[in-house]
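Participant: I'll drop the sequence and a predicted model, then ask my questions.
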Amino acid sequence: MDFKKTLQTYSEKVKKTWKTGKIQKVSRLTYDITWNIILFFIIVGFIGLFFGVGVGAGYFAALVKDEPIRSYASMEKDIYNIEETSKLYFADDIYIGDVRSDLHREKTPLDKISPTLIDAVIATEDEYFKEHNGVVPKAIVRAILQEAINSDVKTGGSTLTQQIIKNQILTNEVSFDRKAKEILLALRLERFFDKDEILESYLNIIPYGRDAAGDNIAGIQTAAQGIFGVDAKDLTLPQAAYLAGLPQSPSTYTPFVNSGGLKGEEDLQPGINRMKTVLKRMYDAEYISKEDFDEAVDYDITEDFIKKKTKSRDAFPALTEEIQKRAKEILVEVLAEDDGYTMKDLKKDEKDEDGEDLLEQYKQLADRALEMNGYHIHSTIDKEIYEAQQEVAKDFQHYGPDQEVTVTDEETGKTSSYMDPVQAGAMLIENSSGRIISFVGSREFSDEDNNNYATQTRRLAGSTIKPLLDYAAAMEKGKVQPGSVLPAFSKTFNVPGQDTYPVTNYGLGEYGLVSAREALAKSYNVPAVETYSKIINDDPPPAEEFLEKMGITSLTETDKSILSLSLGGMERGLSVEENTNAFATLANNGNFVDGYMIEKITDSDGETIYEHEAEEVDVYSPQTAYLTVDMMRDVLSYGTAATLKPRLKYQSVDWAGKTGTTDDYKDAWFIGVNPNVTFGTWIGYDANLSLDYCPGCSLTYSQRNQALWAELINVASEIKPDLLVPKDRFKRPDGIVERSYCAVSGMVPSELCKKAGLISSDIYNEKYVPTKEDDSLISGGSSVTINGKTVPAGSKTPGEFVSGEGGLSFNPEWLKRNGYDNLNDLTKLYPRTNREKWEKIGVPKGSVGSSLDDDGKSPSAPGSLGNSGSSLSWNKSGSYDVVGYRIFKASESGGSFSKIGHTTSTSFSAEGSGVYHIKAVDYFGRESGASNEVTVGNSSSSDEKKDKDKEEDKKEKEEKKKEKEKNDDKDKNENNEDDNEDDDKDNEENEDDTDD
């Protein structure tokens, strides 16, 4: 009741007050105040906002003020400047592998990338890619806030466009400065390029961890091949999802370890989980159906990972290194020429404007280009032959033993030792083009021993220099021909202005006068030096005129002027490649074509930036080349490589070649040529040890190298018979003729030379056939050799030991003209071939030695007669005037002895089974007593009977001897001597008939 009354009273007051207008006035005032307050805050807010935006804009402007405004061309160059690994190829475009690089990448166009992969990348990395203009503002704000509050979860704010900017133009630096520039450039990039161009660039630059070989990889094609072994266009949904997830953390998600091969099961799980996340995002973005999603999530992606791969530098280490080295040399020249420089400029030690060495600069540029520019480097190497030859070199059984080498530390004086194996190098070159078909860099290339003994190691050439320089050069100048006769006995040479040069043959052998053909075939040293001495003083020197034109450019000025070069002596040596390449000149009609291994180089767009062009250099005439090759055929026929041909699988091939050895057997060479190819091998120790040391070896050092050569060429011939097994022989050019010559002088045969039976024939360059008649022989004169000295024969000297009994002797003028008159023993001129005919050439009276005084005594008997099988040998008689030995034989011990032969040496081949003894014969025809007896083979009686007969014969002999001593007188002795001399003359006449 009271409440109602109170409420009514209050209501009446309000109405009364309202009517007065006081309430309206107060309300208006409150409204005005409130609105003004709100308006104030709105104005302050807007001012603050504009101030903040201004400050932000100013700050952003400050951050990017140094960033230049980039043109389309500039940005195009930047985003397409994708580092792409260069690739190496065998001949016929067979892939070898990538060059050695820190990052491997192969560029691929967008139309060769799986659309599924593209969807996976967009769903995972940039869901608004198709709509935004380079940046997503809310993503940036979110990233800034996360950074400001130091959130544990950072979702990132970079679009694919921004990631391109970060990778191709800016750096990975984490800073507001870099981020601001990234945003600005991303907006600009989107103005210039369409989405496909941006997507293609992104997919080619982004890193993907490691491949199955353990190499760092980037680019989707490289990742697809390196992880799954498929092209990017052929990726399945699970594979695409796996690869799309890798860029977030490549090292964590990659399935392979840095040495190649899969990670463990536990370490693979993060990458698999990431793949499932990608699949979920693809499903959420409706790129795939629920069915596709479920199937892909359940798929075992580990089944698709490829097995561990061997890196190209591990599979073909020597080849990879060699191709890269040569490609770099080519690129140095290409890059320099692009900048207006020649190689001559670079080699002149020119500096750039900053004072830096130009050659070194271009080497660095070439290195970088090789690693980053995606070149395709096509080599000449035949894959099948190369691989087969590496296996042969690795498994070859006849290198010889490892030898211990001891070295002393110069600072500490301490010694240490290591085992040094025999090493090998080989080179196979096509004659007409210079194309290097294959090579063997070593027995087994490794990180510890990565020397290439075919291309890098230089060794002395030894006797392989003889056909290249000595004989070919002298034939080119008309100084010798294959039938020229040369001394092959020890000789001292004198060259004006140089020390005397004494030369001996291998093993100190003395071989008399021989043809140039035989001298080369058997690799005699003295004839080679004799030949070179005829041309060494020519201008220009023959080494410069011929060797350097054949690619041997390491010769010093001293090398060019010394006689020892004729035997391969040089300061720096030469490589197997250089030596083999030079021999190919002879097989290519005398034209040198430089060997090469790089056929062409193309860039990543397929444009050819380099292609080899062969250039021929005329070195020798076709006639000289053919004559030299023909002489080298005999090296394999009867010379120092006679054991090689039976080892060849294809016997009909027209091979010619030359062996080579250096002092103390430190090197063994063989280089062979056929009409199509030239192949050379070398073996030796790094420490220059002797190859002759080989306990238990069945082959000599040279034969071991020849056996290696044969095995290597056999396996190559099986693979490419059309190339290595030519049916044609070397073609004889016009201008080659056959002529007869006198084997004594090399001149046109005279009647006396015909009488001596010493006419030979050979082929010649028709310009240099012999034209003068031989004058080396005259009628009359006979001689014998006593203690190595030639003396005229006496009236009683037994005829079987006399030379010149045919009525011929050396012409004193001819001897003097050739310097042979200084020899104390003219039998040094007698060769080992047809010696019996040469021994009939006597010494002119008074020209050498003199006749002997008669001491009236019989010579002492030869001692220590022994035998090895059918070969008899004995010690010479101690008497000073012995001219030879007679050999006597009995059918059994104690039987009657009869003379069966004679010799001037201390050895003889027994003629069947029997008992033998030897008697010495002196200058005056006296015969010594008999030597001890030896039995060869089985005599006609049994051993028991022999012993009995021997005992009885001994008694009978003693009785006869006593009786003989009593009855013998001087007249009987003289009559016996006369009878012996008559018998000797009869024997000599029989021998002459046989020779005729």
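Facilitator: Right, received. Where do you want to start?
Participant: so where's the stretch 251-400 of the chain uncertain?
Facilitator: 312, 349-356 (pLDDT under 70).
Participant: Next: the stretch 601-750 of the chain.
Facilitator: Ranges of the stretch 601-750 of the chain meeting pLDDT under 70: none found.
Participant: If we ignore the residues flanking it in sequence, what's nearest the residue nearest the centre of the chain?
Facilitator: Centroid-nearest residue in the chain: A454, 1.7 Å away (criterion: CA atoms, centre = their mean). Leaving aside its chain neighbours, A454 sits nearest to G425 (3.9 Å; criterion: CB to CB, 6 or more residues apart in numbering). In this view, the C-beta of every residue, glycine as well, is placed from N, C-alpha and C.
Participant: Over to P317?
Facilitator: F445 is the one closest to P317 (CB to CB, 6+ apart), at 4.6 Å.
Participant: Would you confirm that that neighbour contacts D314?
Facilitator: No. The pair F445 and D314 does not pass the contact test of CB atoms under 8 Å, sitting 9.9 Å apart.
Participant: What mean pLDDT does the host helix or strand of S74 get?
Facilitator: S74 belongs to helix 72-79 when assigned by DSSP states H and E. Mean pLDDT, helix 72-79: 76.
Participant: List the neighbouring strands of the helix or strand that comes right after it plus their orientation.
Facilitator: Under the assignment DSSP H and E, the closest C-terminal helix or strand after helix 72-79 is strand 87-89. Partners of strand 87-89 in the sheet, by DSSP bridges, are strand 95-98 (antiparallel), strand 376-379 (parallel).
Participant: Okay, buried residues for the first one please.
Facilitator: Going back to what we said before, that points to strand 95-98. 96-98 (16 or more other CB atoms under 10 Å).
Participant: just curious, which of the residues you listed is nearest to E738?
Facilitator: I96 (50.5 Å; CB to CB).
Participant: ok, the closest one - contacts?
Facilitator: 87-90, 312, 316, 319-320, 323, 379 (CB atoms under 8 Å, 6 or more residues apart in numbering).
Participant: need the residues you listed in TSV with distance to M372 and neighbour count, can you?
Facilitator: Output for the contacts of I96, formatted as TSV (distance: CB to CB, whole Å; neighbours: other CB atoms under 10 Å):
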residue	distance to M372	neighbour count
K87	13	20
L88	15	24
Y89	19	19
F90	23	21
S312	17	21
F316	22	23
L319	22	27
T320	17	21
I323	17	24
S379	20	25
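Participant: Let me know the closest of these to F908.
Facilitator: For the contacts of I96, the nearest to F908 is L319 (58.5 Å; CB to CB).
Participant: Is that closest one within a helix or a strand, and which one?
Facilitator: Going by DSSP H and E, L319 is in helix 317-338.
Participant: Please save the CA atoms from that helix in PDB.
Facilitator: Presented in PDB, the C-alpha positions along helix 317-338 are these (Å, rounded to 0.1, in the frame of the first residue of the first chain):
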ATOM      1  CA  PRO A 317      87.300 -42.800 -61.200                       C
ATOM      2  CA  ALA A 318      90.200 -42.500 -63.700                       C
ATOM      3  CA  LEU A 319      87.900 -41.800 -66.600                       C
ATOM      4  CA  THR A 320      85.700 -39.200 -64.700                       C
ATOM      5  CA  GLU A 321      88.900 -37.300 -63.600                       C
ATOM      6  CA  GLU A 322      90.400 -37.400 -67.000                       C
ATOM      7  CA  ILE A 323      87.300 -36.200 -68.900                       C
ATOM      8  CA  GLN A 324      86.700 -33.400 -66.300                       C
ATOM      9  CA  LYS A 325      90.300 -32.300 -66.600                       C
ATOM     10  CA  ARG A 326      90.100 -32.100 -70.400                       C
ATOM     11  CA  ALA A 327      86.700 -30.400 -70.400                       C
ATOM     12  CA  LYS A 328      88.000 -27.800 -68.000                       C
ATOM     13  CA  GLU A 329      91.000 -27.100 -70.400                       C
ATOM     14  CA  ILE A 330      88.500 -26.700 -73.300                       C
ATOM     15  CA  LEU A 331      86.200 -24.400 -71.200                       C
ATOM     16  CA  VAL A 332      89.100 -22.200 -70.300                       C
ATOM     17  CA  GLU A 333      89.700 -21.500 -73.900                       C
ATOM     18  CA  VAL A 334      86.000 -21.200 -74.800                       C
ATOM     19  CA  LEU A 335      85.300 -18.700 -71.900                       C
ATOM     20  CA  ALA A 336      88.400 -16.700 -72.700                       C
ATOM     21  CA  GLU A 337      87.500 -16.400 -76.400                       C
ATOM     22  CA  ASP A 338      84.000 -15.200 -75.400                       C
END
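Participant: list the buried ones in that helix?
Facilitator: Those would be 317-324, 326-328, 330-333, 335-336, for helix 317-338 by 16+ other CB under 10 Å.
Participant: who touches T277 in this structure?
Facilitator: 124, 245.
Participant: what about it, is that helix, strand or coil?
Facilitator: Following DSSP: H, G, I helix; E, B strand; the rest coil, T277 is assigned to helix.
Participant: Check L565 too.
Facilitator: Per three-state DSSP, L565 ends up helix.
Participant: Need the nearest residue in space to it, chain neighbours excluded.
Facilitator: D559 (5.5 Å).
Participant: name the element T558 belongs to?
Facilitator: With DSSP H and E as the test, T558 turns up in helix 557-561.
Participant: Tell me where the model's unsure across the stretch 1-150 of the chain.
Facilitator: 1-37, 39-41, 43-69, 139-150.
Participant: Quick one: work out the angle between whichever helix or strand comes after the helix holding T558 and helix 317-338.
Facilitator: Using DSSP H and E, the next helix or strand after helix 557-561 towards the C-terminus is helix 576-587. For helix 576-587 against helix 317-338, the angle by axes from the mean of the first three to the mean of the last three CA atoms, to 10 degrees is 80 degrees.
Participant: Quick one: distance of helix 576-587 to the chain centre.
Facilitator: In terms of CA atoms, centre = their mean, to the nearest Å, the centre of helix 576-587 is set 12 Å apart from its chain centre.
Participant: After that helix, which helix or strand is next?
Facilitator: Following helix 576-587 in sequence, per DSSP H and E, is strand 591-593.
Participant: can I assume L428 sits in a helix?
Facilitator: No. According to three-state DSSP, L428 belongs to no helix; its state is strand.
Participant: In the stretch 151-300 of the chain, mark out all the helices, start to finish.
Facilitator: For the stretch 151-300 of the chain, the helices defined by DSSP state H, counting those that start in this stretch cover 160-168, 176-192, 195-205, 220-223, 237-245, 250-253, 265-284, 290-298.
Participant: same question for the helix holding T558, mean pLDDT?
Facilitator: For helix 557-561, mean pLDDT rounds to 94.
Participant: Buried residues, it. List them.
Facilitator: In helix 557-561, counting by 16+ other CB under 10 Å, buried: 559-560.
Participant: And the contacts of that helix?
Facilitator: 498, 536, 541, 543-544, 565, 569-571.
Participant: Please apply the same query to stretch 742-762.
Facilitator: Contacts of stretch 742-762 (CB under 8 Å, 6+ apart): 481-485, 513, 515, 517, 738-741, 770-779, 806, 808, 814, 831, 834, 837-838, 840-841, 995-996.
Participant: Tell me where the model's unsure across the stretch 851-996 of the chain.
Facilitator: Using pLDDT under 70, the stretch 851-996 of the chain drops low at 851, 939-996.
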